[in-house]
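Trainee: need a structure here:
(one chain, ligands or ions: 2)
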Amino acid sequence: MKREKGQLIVLSGPSGVGKSTVIAELLSQRDNVYFSVSYTTRQPRVGEQDGVNYNFVDRAEFERMIGAGELLEYAEYVDNYYGTSLKAIQDRLDAGVDVLLDIEVQGAAKVRARCPGALFIFIIPPSFEELSRRLHRRNTDSEDVIAGRLEKARVEFKEIPNYDYLVINDKVAGAVEEIEAILTAAECRVENRKSILTQFA
Ligand code: ADP
Ligand code: 5GP
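Mentor: Ligands and ions are numbered 1, 2, ... in the order given. A predicted model of the protein is given here:
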């Protein structure tokens, strides 16, 4: 069933919790979801592709985008800019496609203020120690950067009460199943099924 408007879904969680891993699995299982590829000034990690994981730009280009009002939201996170292109997501939502944002808590707060109909999901690890293990196992960041990300995680956890749903990424399949359930429930909302209701009027 074609929907008039797509659902905007915001997924936040500390760096290393497994957001990218869970999102990749979710996208392979679910149609009609577009992952918003953010802009960032951070350096690509090994295996990351420009235009796929992020659009990698320098600070001057990012600041131009801020000035031109091209971003729905942006934030500075551990010394780098990250932001969401407004146009790319608006076109999809207008076409009835769900749009998934993987953004940190300051950006999520901006989306909450600008897009009241969006759905907010926070993803946590089964324990703080496991978060540290995952950041080390990923093997992409220096000890200093990992320490910064763990410190940041403690601040981010304080924002959880502002989210609608809490997903625990213990096993990837379990986290994906929980997000699938949230998206399916959102699809079943009366306001999202107005088109089928016309024949019962
Ligand atoms: P994020 O996108 O949140 O920064 P990643 O998806 O890069 O996190 O995952 C961080 C590390 O944790 C990666 O090495 C990934 O393979 C691993 N990982 C992700 N989910 C799980 C899980 N449920 N159990 C164990 N390891 C996981
Ligand atoms: P990483 O460097 O680990 O890929 O991402 C660091 C943090 O930036 C993560 O919490 C991620 O959710 C967040 N992030 C990624 N893209 C965006 C974005 O477009 N806007 C905001 N505000 N945060 C983002």
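Trainee: Near ligand 1, which residues of this protein? Just list them.
Mentor: If contacts are counted using CB under 6 Å from any ligand atom, the residues of the chain sitting beside ligand 1 are 13, 15-21, 134, 137-138, 169, 171-172. All C-beta atoms are positioned from the backbone trio N, CA, C, and that covers glycine.
Trainee: Please, where are all the helices along this structure?
Mentor: Secondary structure of the chain, counting by DSSP state H: helices at 19-29, 59-67, 86-94, 105-114, 128-138, 143-157, 172-187, 194-197.
Trainee: Now the second one - C-alpha only, CSV.
Mentor: Read it as helix 59-67. Taking only C-alpha atoms (Å, rounded to 0.1, in the frame of the first residue of the first chain), the coordinates of helix 59-67 have been written out as CSV:
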residue,chain,number,x,y,z
ARG,A,59,35.2,22.1,7.0
ALA,A,60,34.9,24.9,4.5
GLU,A,61,32.3,23.0,2.5
PHE,A,62,30.4,22.0,5.6
GLU,A,63,30.3,25.6,6.8
ARG,A,64,29.1,26.7,3.4
MET,A,65,26.2,24.2,3.7
ILE,A,66,25.3,25.5,7.2
GLY,A,67,25.3,29.1,5.8
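Trainee: from the chain's centre, how far out does it sit?
Mentor: Taking CA atoms, centre = their mean, to the nearest Å, one finds helix 59-67 lying 21 Å from the centre of the chain it belongs to.
Trainee: quick one: buried residues of that helix?
Mentor: Neighbour-count burial for helix 59-67, with 16 or more other CB atoms under 10 Å as criterion, is recorded at 62, 65.
Trainee: tell me the angle of it relative to helix 86-94?
Mentor: Taking axes from the mean of the first three to the mean of the last three CA atoms, to 10 degrees, one finds that helix 59-67 is oriented at 50 degrees with respect to helix 86-94.
Trainee: sorry, back to before: please identify the deepest-packed of the helices of the chain.
Mentor: Sort these by mean neighbour count, taking mean count of other CB atoms under 10 Å, and helix 105-114 sits at the top with a mean of 18.
Trainee: and that helix, anywhere near ligand 2?
Mentor: Yes - counting by CB under 6 Å from any ligand atom, contacts between helix 105-114 and ligand 2 involve residue 107.
Trainee: Let's test this: mean pLDDT of that helix, rounded?
Mentor: Averaged over helix 105-114, pLDDT sits at 97.
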